[in-house]
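Asker: no sequence on this one, just coordinates:
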């Protein structure tokens, strides 16, 4: 698979060739994505909930995100984008730049992703881009600041909200982002952005867009409980894994596993030496 590049992704938009992004958080997930031939891998801060067990994305630390990002980088040669976690950009442009540089230098990220399109976020995007680190924007439902949006709910469904989403997307592009994730926004609004923006629009619950992103664990069926409306499950890995562990448990308890075929043969001399060592 040829690694995606920013010019290549822009050309894919121009050619109306769909861009495939998947969110992964570890080496096995990255290997799966690599073998499947996706264009981009996002190390999302949703790993806070999906693999670290936190209640929300805001709890994950920068060091934890870097650990996840390093594991993903080791598993794929695809274009890797890393979420900058809450608390690692809010203080100043300098803090945001330091965070972005760490993802590039320590984790080998190709780009970082910042949520939101307000004045502070736009300033952060400009500072990071001017320093030479590519940025992906994120508008619509922004989980890091979901409380201010009234919770984890779709955006752009009212006139005021739709106007805000469009304005923020245009501003994010103007600030220098080379692509933008649009989350939980009606397709009709997202379609307008696809036509208006020169940069690729990656949708998640936002219609066809220029490309799509889903969380790996959601799409393979490894997520417990309910998932967002925009999730389509393409596999049953979670149920299959539980069934496999349950079968293993049953065989261990019944004595059916392990059998001789799962062990290693010893010579008579080895057994005799072991007995001698025990004084028998």
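Answerer: Arrived safely, thanks for sending. Keep in mind the model is a prediction, meaning the values are calculated, not measured.
Asker: please make it C-alpha for all contacts and neighbour counts, starting now.
Answerer: Noted.
Asker: show me the shaky parts of the stretch 1-150 of the chain.
Answerer: 1, 145-150 (pLDDT under 70).
Asker: quick one: the strands in it?
Answerer: Per DSSP state E, counting those that start in this stretch, the stretch 1-150 of the chain carries strands over the ranges 19-23, 40-43, 79-83, 111-113, 135-140.
Asker: make a markdown table from these and add mean neighbour count and distance to residue 227 to it.
Answerer: A markdown table is the format used below for those (neighbours: other CA atoms under 10 Å; distance: least, CA to CA, whole Å):
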| stretch | mean neighbour count | distance to residue 227 |
| --- | --- | --- |
| strand 19-23 | 23 | 15 |
| strand 40-43 | 28 | 19 |
| strand 79-83 | 26 | 20 |
| strand 111-113 | 25 | 23 |
| strand 135-140 | 27 | 18 |
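Asker: so for residue 174, which of these sits nearest?
Answerer: Counting by CA to CA, residue 174 lies closest to strand 135-140 out of the strands of the stretch 1-150 of the chain; the figure is 10.9 Å.
Asker: on that earlier part again, let's have the strands of the stretch 1-150 of the chain in TSV, adding distance to residue 216.
Answerer: As requested, those are exported to TSV (distance: least, CA to CA, whole Å):
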stretch	distance to residue 216
strand 19-23	6
strand 40-43	10
strand 79-83	14
strand 111-113	18
strand 135-140	19
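Asker: now do the strands in the stretch 151-280 of the chain.
Answerer: Under DSSP E, counting those that start in this stretch, the stretch 151-280 of the chain gives strands at 179-183, 201-204, 211-215.
Asker: ranges for the helices of the stretch 1-150 of the chain?
Answerer: For the stretch 1-150 of the chain, the helices defined by DSSP state H, counting those that start in this stretch cover 6-14, 27-36, 47-50, 62-75, 93-107, 119-130.
Asker: how is the chain partitioned into domains?
Answerer: Taking automatic domain parsing as the criterion, the chain consists of the domains 6-235, 241-277.
Asker: ranking these by burial, who's on top?
Answerer: domain 6-235 (a mean of 20; mean count of other CA atoms under 10 Å).
Asker: wait, what's in contact with the residue nearest to residue 59 when sequence neighbours are not counted?
Answerer: Nearest non-adjacent residue to residue 59, counting by CA to CA, 6 or more residues apart in numbering: residue 48, 6.9 Å away. Applying CA atoms under 8 Å, 6 or more residues apart in numbering to residue 48 gives the contacts 54-60.
Asker: do residue 24 as well
Answerer: Residue 24 sits next to 30, 33, 41-44, 47, 72, 215-216 when contact means CA under 8 Å, 6+ apart.
Asker: if I look at it, how far off is residue 46?
Answerer: Using CA to CA, to the nearest Å, residue 24 is found at 9 Å from residue 46.
Asker: returning to that earlier point: got the helices of the stretch 1-150 of the chain as TSV, with distance to residue 85 columns?
Answerer: Listed next are the helices of the stretch 1-150 of the chain as TSV, based on distance: least, CA to CA, whole Å:
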stretch	distance to residue 85
helix 6-14	23
helix 27-36	20
helix 47-50	10
helix 62-75	6
helix 93-107	9
helix 119-130	13
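Asker: out of the ones you listed, which gets nearest to residue 197?
Answerer: Checking the helices of the stretch 1-150 of the chain against residue 197 by CA to CA gives helix 6-14 as the closest, at 10.1 Å.
Asker: out of everything not next to it in sequence, what's closest to residue 123?
Answerer: residue 93 (6.7 Å).
Asker: ugh, typo on my part, it should be residue 238
Answerer: In space, residue 238 is closest to residue 222, 4.0 Å off (CA to CA, 6+ apart).
Asker: wait, isn't that neighbour in contact with residue 236?
Answerer: Yes: between residue 222 and residue 236 there is a contact at 7.0 Å, judged by CA atoms under 8 Å.
Asker: quickly list what's touching both of these two.
Answerer: In contact with both residue 222 and residue 236: no residue, using CA under 8 Å, 6+ apart.
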